[in-house]
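Engineer: model the structure of this input:
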Amino acid sequence: MTTPSSVIAILKNVKYKGDLEMGKTYVTDPISKKRLMNLGEKDSYYIESNHAPIISADIFQKAQDILNRRGESIKHKGKRWDKYC
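Structural biologist: This is a model prediction of the structure:
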């Protein structure tokens, strides 16, 4: 079953346009295998044109623009947003 969050994850994945992003997460403890999102603590790498793309970079960018535009309208609603403005 496809959920909205899985569709959004597909739309944000740079692998479909032929690029590769490495180092998005890192292992804090090899014994427990706990992973954390890399927010600048470790090096990350972005490789363009790593493999054959499934979609063009132009179509990928149009999808990102739509996601960002829709996300902006959702972000500004609700009480939690008011605390940060």
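Engineer: ok, and the helix or strand in the chain with the lowest average confidence?
Structural biologist: Sorting the helices and strands of the chain by mean pLDDT, DSSP states H and E puts helix 79-84 at the bottom, at a mean of 48.
Engineer: quick one: pLDDT of residue 1?
Structural biologist: pLDDT for residue 1: 75.
Engineer: also residue 67?
Structural biologist: Looking at residue 67, the pLDDT reads 91.
Engineer: could you list the domains of the protein?
Structural biologist: With automatic domain parsing as the criterion, the domains of the chain are listed as 1-14+55-85, 19-52.
Engineer: got TSV for the ones you listed, with mean neighbour count too?
Structural biologist: For glycine as for every other residue, the C-beta is placed from the backbone atoms N, C-alpha and C. Listed next are the domains of the chain as TSV, based on neighbours: other C-beta atoms under 10 Å:
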stretch	mean neighbour count
domain 1-14+55-85	10
domain 19-52	10
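Engineer: among these, which gets the worst mean confidence?
Structural biologist: What stands lowest among the domains of the chain, in mean pLDDT terms, is domain 1-14+55-85, with a mean of 79.
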